[in-house]
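Visitor: dropping a prediction and its sequence here:
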Amino acid sequence: MKRLIAAGAMALIGTGAMAHDYGFAGVLSKTNKEEMPGITLSVGKPIAEGPITLKSGTLYELEIEADGSGELGLEGPGFFRAIWVNEVVVNSIEMRPFGMESVEFDEAGSMEIEFLAIKPGQYFLRIPNTTGETQRVDITIQ
């Protein structure tokens, strides 16, 4: 019986029936990664050029730059709950958080958030306690 099961498994492997097109690391592979516009935090300036559209199941890297013109943060709990954060990089230190709701810069600096877009819908990232359109970017996950 064991020989029969082993022979069946080898036959499936030999025909490619168990092969996938995900690449070396599945959804985290470089072949599944796409570019995403960055976000700039600066007093009185727009944080992004316009709305951003992402694809569910695709890996992205969001770069956030702060120019130090003020103590500025970025919030978007709905957006952060619709993605899976693989890693956050600040000053070459890689962190793998369970989740996040916001980030804040007390001075000039940058950070990168590598994430997998998961839940389709309409979301936003914005500077906390602001209402201006330029202090917010709308994000659609398709």
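Guide: The structure has been received and is ready for your questions.
Visitor: so what pairs up with the residue nearest in space to the middle of the chain in the strands?
Guide: Centre of the chain computed as the mean C-alpha position; nearest residue by C-alpha atoms, centre = their mean is F115, 2.6 Å away. Beta bridges link F115 to Y60, V85 when assigned by DSSP bridges.
Visitor: how about it, what does it touch?
Guide: L59, Y60, E61, L62, I83, W84, V85, N86 (C-beta atoms under 8 Å, 6 or more residues apart in numbering). For every residue, glycine as well, the C-beta is placed using N, CA and C.
Visitor: export the residues you listed as TSV, with columns for neighbour count and pLDDT.
Guide: What follows is these, written out as TSV (neighbours: other C-beta atoms under 10 Å; pLDDT from 0 to 100):
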residue	neighbour count	pLDDT
L59	22	95
Y60	19	96
E61	16	95
L62	21	95
I83	23	96
W84	13	95
V85	17	94
N86	17	93
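Visitor: still on that earlier bit, the residue nearest to the centre of the chain and S56, how far apart?
Guide: 12 Å (C-beta to C-beta, to the nearest Å).
Visitor: residues contacting P37?
Guide: Contacts of P37 (C-beta under 8 Å, 6+ apart): A48, E49, I52.
Visitor: tell me where the protein has helices.
Guide: Assigned by DSSP state H, the helices in the chain fall at 2-15, 77-81.
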